[in-house]
Structures are given as structure tokens and as C-alpha cells.
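*Asks:* Here is my input; please provide its structure:
(chains A and B)
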Amino acid sequence: MPLVVRRPVRPLHILGWVSVLVGALLPFALGSQPFVLQLASQAIVAATLALSLDLLTGNTGLLSFGHAGWYGLGGYIAGLGAKFVAPEMFLVLPLTMIVVAVVAWLTGLILVRQIGKTFAILTLALSQIFYSLIFVASAWTGGEDGLQGIPVPTLAGLSIAAPTAWYWLLYFVLIASLLLALYLRRTPLGQAWLAVKSNPERSLFVGIPVVRLKLIAYVLSATLAALAGGLFTLFNGAVSPDTMSWLESGNILMYVVLGGVGTLIGPVIGGAAFTFAAQYISSLTDAWLIYFGGLFVVIVIFAPDGLFGLASVFWRRLFGPSRGQVAR
Amino acid sequence: MLISLTLKGRALGAEGPGEGIVLALSLALNGLVLGSILLLFSLGLTLIYGVGRIVNFAHGALFSAGALAGAWIASSGHSFWIALVAAPLLIGAVGLVLDWAVLARIRDRPMVDSLLLTFGLALLITGVLYQMGGRNLTMLQPPQGLRGTLTLGTLSLPTYRIFVSALAVAAVAALLFFLKNSNWGLRIRAANDDPEMGACLGIDRESLMHSVVALGAALAALAGVAAAPIFTAYATVGDKILILAFMTVILGGLGSLRGAVVAAYVVGMIIVFGEGYLGGQVALMLLFGMMMAMLIRWPRGFFGEGRTE
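*Replies:* Residues are numbered from 1 along each chain as shown, chains lettered A, B, ... in the order given. Here you go, the predicted model:
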């Protein structure tokens, strides 16, 4: 497959920027509904998290079943940093990202050499190890009860407490990382990633350093997930071991599969949409897990390209054959 | 994430002279018990992988389903023995239906899809179990004759644990015997070694896969119901054992039957000894570290026959 640089059709660009603007102005529309704003902030974190997993899965084809481990680990490191060092985001968050990047690099050295199935199993096991770690260190982490009493954080000395300020901060991080991910897609690195994804063996033969590229994706993905976790913990003021459970990992996978693996924008939409849907459905019924699991099964069987894949099929029907194709 | 199998072993170690040795021996016995349960459970996982190339993330949910089904059958007035037989049959039928209705839809899809699908199934089954009352712990009493403790010198072990180990070993031996000596087993082994070649020789992969998934589900359920008097029964009881079983099949090599047999006892010993001396969470971390080391040196498992595709 020749390396085709994706050139999306023009209307999509405009649509994209309009929706970015709408997202940014959302707090003005929701001024009187703090609960919805809170939910929207959660949706943004979910979207960032989905994007971080798609950086790995969508770019290299490696499927992580323990992504919540990085999210939770980031949450705990940031929470501990804010509680015991200083609640300054410019200090705590970079620290979190560095620590997680190092841990991801060390484990990734071994993990990314594994083939798909073993990798999937190992990531699940690794996230369980992080989960255990919380209980081993329960003197600091609070064990089962979670880490509580995290002070209100500051950003360059300014205390960030207002829900709207939080919304914009989280939104900024999401858009910045989405733009970065889309930019990476167009760079030689991103193109080489796609080559690795579509055929690792052939990539190796043409001289692409497959393991190193996978490792870069793995570390980037873990670091962004940790940033999302750190931000959410500071936003929430607490973090519980449940953030690392394999159900949570399943949630993140669901965002990505629902949105469409490898589309980058799809998972972001998937994460946000799913968070709202989960909230409303679980307020209607307590059999949430059945619908969730059932939806998962149905999507994998009938729409393996996710909603984004379905949408792009319709888009092509409407606007004729597009030059680029949605990478999968 | 704690398999509380060794609490008794720890208590036992505190009495009499030579307590270090007694503790170690008692831990070794408990390691054998856990290893046997793990073996019974992971054999189905290995078979499903070998024949269908599916890593079954729903296997833990089937374990829980078996444990809960057994506990509910027993609590509705039937004897333990009926529960022990009926629960695996029931869950085996569930496995058959799942393979026919769900897994068959993605036979020729990439590996990723099967992982996602079984993951979704795991959530679905867990959800159903929650809905049926699986949030609460349910006790399953062992039958009257097996409630005592067997004592040998200063060493003692609940009789039921000995029974579970014997049951697991017998079931596994019977399965291996059938695999070796029956027509069905021959076809399984052929498909396990090379599915495409097997299909060329006229092996009907569909019906073979139905039987393998049904059998794997039944074995998981048997492990679940047999272990229920030890671990109790609730909707997520299988999650713990699934992680251990994954470690088992990787240490033994994906798709390798004899690798799984050895690895199950290795994992059982590591977990029980780790718990006895270091604490449950540390044991899991130790096991994971060991597995990472194994993967660097012997990525194809103990016998070097694990799959790499």
C-alpha cells in the first residue's frame, strides 16, 4: 500500500472548526446547569483518554486492554504530588507525565515486542499490577477508600476552582492533543506508524525500526492517558482504585471501537458521546452492564469500523468518492 | 485481587516446633490445590485458543457463572453433587449457544475483533449475573462428608481442598486421555497444530469449534463450582482467576497443553508462597515480574511450542 497523505474534503474541515468553536462556547449555554457542565468536563476527559488509546491502537495496531492502568497511575501520581508536594499544576502534571513516560518506556521495552494477543493479555495484567500497587502502598494511597483530600490546585499560582475554568482547561488539553495527533499523522513518523500497522513484517524489511516506533506510540499513549488521569484527579479532588479496574479499561476500548479505531477524531467523539449516553442510560436502568456489553458485541460484529466508519460510508455516498480513505 | 487460599496455612505455621517447615509444607499443599483449580480452568482457555485462535476474555465470567449457578442450584434445595454436575452442563450449553450465535460471526476476522468480542461478552455475562443477584456473596457448603480437616502429623488441610485437587486432576487426566485416544481428540489436536491443514483434511471447523467452546465453558464452570466452597461465589469471582490463567497460558506458551499443565502449578506455587511470605498483592507483582523475565528469555513458553502468529 503506497503511503497516501490523507487529504480530507473541505466541508469536513469547516465542520471540524465549527464544532471546536461550539465546544468552547458550551459553558455559556450551560451556565444555569452546573451538573451538565460537570458531565461535559467528564466527557472531555473521556475523549482525551480515548484519543490516547487511539494513538497506540490506531497508529500501530497494538491493542491495549489495560489502558485504565495508565489513567489511574497518572491520577494517583498527580494526586499524591498535589497533596504532599505542592498543588501547582505546572509542577505536578509534568512530573506525572515524566514518571509515567519512564515507567511506560521500561515496561514497553518488553511489552511491545510481543505479538498482538500476548500484548493484549500483558497490558491487562500490567494494569492489575498497578491496581495491586495501590493496595500495597495503602498507607499513602488510602487503599480501598481511594486518595482523598487533594487540595484545590493552582495554575501558575492562580487557584483553579470555577467549573467553567476547569472546562476550558480540559477542553484546551483535548484540542491541543487532538491537533498534535492529527499533525503526527501527516509527519513521516505517522506515516511509518501506519505502515507498521498495516504490515509489520514488510515494514521491517523496508528498514522501518518497528519496535522503536511501537515503543514511541506506547509511551506517548501512556503519557497522554496519565495526563488525562492527573487532570481528572485534580478536577475531582479524589481518586479511587476503581479508575484502574479492567471495566474502566473496557470503557476506554469501547470509546475507541465505537468511534472507529485509527480515525483519531472518531474515538474523541465516541468518548464524549458514550459518557453522556452512559449517564442517561444508567439513570434509567441499573442493568447498564448488559446494554454496555451487548452494544460492544453488536458493534464488533456489525460495525467493526465504528460509528466514524459508518459515517464515512454515508459521507462517501453523499459527496462522491473521496480521494483519501479512512485508515483502519 | 486476593486469593485467600493460604490464610489457614499462615495460622498453622504459628504452632509447635519446626514451624518454618510446617508453614512451607502447608503452603506447598495449598499451592497444589490452587494449581489444580487453575489447570482445570486454563485448559479450556488453551483449547479455545488452539482451535479457534481466540483468546477468550469471557472465560473468567464463565467461571463466575458456574460458581453462581452451582451456589443457586444448591441453595434451592438440591444436593452439592447435583450442583457440581448441573452447573457445568448448564454453562457448557451457554458456551455452545455463544459460539453458535456470536463467535461464529467473526471466524475469519482479524485477531483484534475476537479479543474485543469476548471482552464485550465478559461484560455482558457479568451484567446478566449482576441482574440475577450476583452482587451478593453466595456461600456454597461442601457436602457433609468433606467438611472436616485431614491431619498428618503437624500438617493439616481441609478435606474439601484435597477433593477439589483430586477432582481437577481426574478431569484434566480424562480430558488429556480423550484428546490422545479419541477420534474427536485427534481432530482437535490436528486443528490445534494447523487449522488450515486440518480444514484441508476435511475437519469441520464449525462443529469442532462448537464442541471446544462448549467444553471450555463447561470446564470453566466446573472449576468455578468446585472452587466455590473455597472462594465463595459472586459475579466477579472469575476476574481474579482469569488474570492468573492468562499468566499460566503465557508462561506455558499460548496453545501448548503440556505447557499449561506445568505453568498452572508454577503459578499456583508462586501465588501461594508469595501470599504466605510477602502478602497477596506483592505475590501478584512478583508473578508479573517473573513473567516479563520469561518473555525475554523464553517467549514461547516452557516447552517452546507457544504460538507466535
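*Asks:* For the rest of this, base every contact and every neighbour count on C-alpha atoms.
*Replies:* Noted.
*Asks:* Which residue, other than its chain neighbours, is closest to the residue of the stretch 151-300 of chain B found nearest chain A?
*Replies:* Residue of the stretch 151-300 of chain B nearest chain A, by C-alpha to the nearest C-alpha: B:Gln281 (5.2 Å). Of all residues not flanking B:Gln281 in the chain, A:Ser132 sits nearest, at 5.2 Å (C-alpha to C-alpha, 6 or more residues apart in numbering or on different chains).
*Asks:* Please identify the buried residues of stretch B:134-151?
*Replies:* Using 16 or more other C-alpha atoms under 10 Å in any protein chain shown as the test for burial, stretch B:134-151 gives B:134, B:138-142.
*Asks:* so which pair among the residues you listed is furthest apart in space?
*Replies:* In the buried residues of stretch B:134-151, two members sit farther apart than any others by C-alpha to C-alpha. They are B:Gly134 and B:Pro142, at 19.7 Å.
*Asks:* any idea how far the residue most central in space within chain A lies from chain B?
*Replies:* In chain A, the residue lying closest to the centroid (C-alpha atoms, centre = their mean) is A:Leu49, at 1.9 Å. Going from A:Leu49 to chain B by C-alpha to the nearest C-alpha, to the nearest Å gives 18 Å.
*Asks:* and the residue of the stretch 151-300 of chain B closest to chain A, how many neighbours?
*Replies:* B:Gln281: 23 surrounding residues under other C-alpha atoms under 10 Å in any protein chain shown.
*Asks:* buried ones in the helix or strand hosting it?
*Replies:* Assessed by DSSP states H and E, B:Gln281 sits inside helix B:280-297. Buried residues in helix B:280-297, defined by neighbour count with 16+ other C-alpha under 10 Å: B:280-288, B:291-292, B:294-295.
*Asks:* can you tell if the longest helix anywhere in chain B touches chain A?
*Replies:* Longest helix in chain B, counting residues (DSSP state H): helix B:19-52. No: contact between helix B:19-52 and chain A is absent, the nearest approach being 10.2 Å (criterion: C-alpha under 8 Å from any C-alpha of the partner chain).
*Asks:* How far away from the center of its chain is that helix?
*Replies:* Taking C-alpha atoms, centre = their mean, to the nearest Å, the mean C-alpha location of helix B:19-52 is offset from the chain mean by 8 Å.
*Asks:* need the helices for the stretch 151-300 of chain A, in chain order.
*Replies:* Counting by DSSP state H, counting those that start in this stretch, the segments of the stretch 151-300 of chain A that form helices are A:163-186, A:188-198, A:200-205, A:210-236, A:246-259, A:265-284, A:288-302.
*Asks:* just the stretch 1-150 of chain A next, same as before
*Replies:* Assigned by DSSP H, counting those that start in this stretch, the helices in the stretch 1-150 of chain A fall at A:10-29, A:34-60, A:67-84, A:89-111, A:116-136, A:138-141.
*Asks:* I'd like these as JSON lines, with mean pLDDT and distance to A:Ala238 appended.
*Replies:* JSON lines is the format used below for the helices of the stretch 1-150 of chain A (pLDDT from 0 to 100; distance: least, C-alpha to C-alpha, whole Å):
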{"stretch": "helix A:10-29", "mean pLDDT": "79", "distance to A:Ala238": "24"}
{"stretch": "helix A:34-60", "mean pLDDT": "92", "distance to A:Ala238": "14"}
{"stretch": "helix A:67-84", "mean pLDDT": "93", "distance to A:Ala238": "7"}
{"stretch": "helix A:89-111", "mean pLDDT": "93", "distance to A:Ala238": "15"}
{"stretch": "helix A:116-136", "mean pLDDT": "85", "distance to A:Ala238": "14"}
{"stretch": "helix A:138-141", "mean pLDDT": "84", "distance to A:Ala238": "10"}
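*Asks:* looking at these, which is closest to A:Leu174?
*Replies:* Among the helices of the stretch 1-150 of chain A, helix A:34-60 sits nearest to A:Leu174 (C-alpha to C-alpha), with 5.4 Å.
*Asks:* so after the longest helix of chain B, what's the next helix or strand?
*Replies:* Downstream of helix B:19-52, the first helix or strand assigned by DSSP H and E is helix B:59-75.
*Asks:* From the contact counts, what lies against that following helix?
*Replies:* Contacts defined by 3 or more C-alpha pairs under 8 Å, 6 or more residues apart in numbering or on different chains; DSSP states H and E place helix B:59-75 against helix B:80-101, helix B:111-129, helix B:205-231, helix B:237-252.
*Asks:* wait, does the next helix or strand after the last one contact chain A?
*Replies:* Following the chain from helix B:237-252 toward its C-terminal end, the next helix or strand by DSSP H and E is helix B:257-278. No: when contact is scored as C-alpha under 8 Å from any C-alpha, no part of helix B:257-278 falls within range of chain A; the minimum is 10.5 Å.
*Asks:* Contact partners for the residue in chain A positioned nearest to chain B?
*Replies:* Nearest residue of chain A to chain B, counting by C-alpha to the nearest C-alpha: A:Gly293, 4.2 Å away. Each residue near A:Gly293 by C-alpha atoms under 8 Å, 6 or more residues apart in numbering or on different chains is listed here: B:120-125, B:127.
*Asks:* got those residues as a markdown table, with distance to chain A columns?
*Replies:* As requested, the contacts of A:Gly293 are exported to a markdown table (distance: C-alpha to the nearest C-alpha, whole Å):
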| residue | distance to chain A |
| --- | --- |
| B:Gly120 | 5 |
| B:Leu121 | 6 |
| B:Ala122 | 7 |
| B:Leu123 | 5 |
| B:Leu124 | 4 |
| B:Ile125 | 7 |
| B:Gly127 | 5 |
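*Asks:* Taking those, tell me the two that lie furthest apart.
*Replies:* Going by C-alpha to C-alpha, the pair spanning those furthest: B:Gly120 and B:Gly127, at 10.5 Å.
*Asks:* Which of these two has more residues huddled nearby?
*Replies:* Shown here are B:Gly120 and B:Gly127; by other C-alpha under 10 Å, B:Gly120 has more neighbours (27 against 24).
*Asks:* Chain neighbours aside, what residue packs nearest to that one?
*Replies:* Spatial nearest neighbour of B:Gly120, excluding adjacent residues (C-alpha to C-alpha, 6+ apart): A:Gly293 at 4.6 Å.
*Asks:* Any regions of chain B where pLDDT drops low?
*Replies:* Residues of chain B meeting the criterion pLDDT under 70: B:1-18, B:308-309.
*Asks:* before we move on, back to that, out of the helices and strands packed on helix B:59-75, which gets nearest to A:Glu88?
*Replies:* With C-alpha to C-alpha as the criterion, A:Glu88 lies closest to helix B:237-252 of the helices and strands packed on helix B:59-75, at 37.5 Å.
*Asks:* between that closest one and helix B:257-278, how many degrees?
*Replies:* Angle between the axes of helix B:237-252 and helix B:257-278 is 120 degrees (criterion: axes from the mean of the first three to the mean of the last three C-alpha atoms, to 10 degrees).
*Asks:* Report the angle between helix B:237-252 and helix A:246-259.
*Replies:* 80 degrees.
*Asks:* Show me what helix B:237-252 packs onto, helices and strands only.
*Replies:* Secondary elements touching helix B:237-252 (3+ C-alpha pairs under 8 Å, 6+ apart): helix A:116-136, helix B:19-52, helix B:59-75, helix B:257-278, helix B:280-297.
*Asks:* Output that helix as CSV, restricted to C-alpha atoms.
*Replies:* In CSV, the C-alpha atoms belonging to helix B:237-252 read as follows (Å, rounded to 0.1, in the frame of the first residue of the first chain):
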residue,chain,number,x,y,z
VAL,B,237,-15.1,-14.1,41.4
GLY,B,238,-13.7,-15.2,38.0
ASP,B,239,-11.8,-12.0,37.3
LYS,B,240,-9.0,-12.9,39.8
ILE,B,241,-8.6,-16.4,38.4
LEU,B,242,-8.7,-15.1,34.8
ILE,B,243,-5.6,-13.0,35.3
LEU,B,244,-3.8,-15.9,36.8
ALA,B,245,-4.9,-18.1,34.0
PHE,B,246,-3.6,-15.6,31.5
MET,B,247,-0.3,-15.7,33.2
THR,B,248,-0.5,-19.5,33.1
VAL,B,249,-1.1,-19.8,29.4
ILE,B,250,1.6,-17.3,28.6
LEU,B,251,4.2,-19.0,30.8
GLY,B,252,3.2,-22.3,29.3
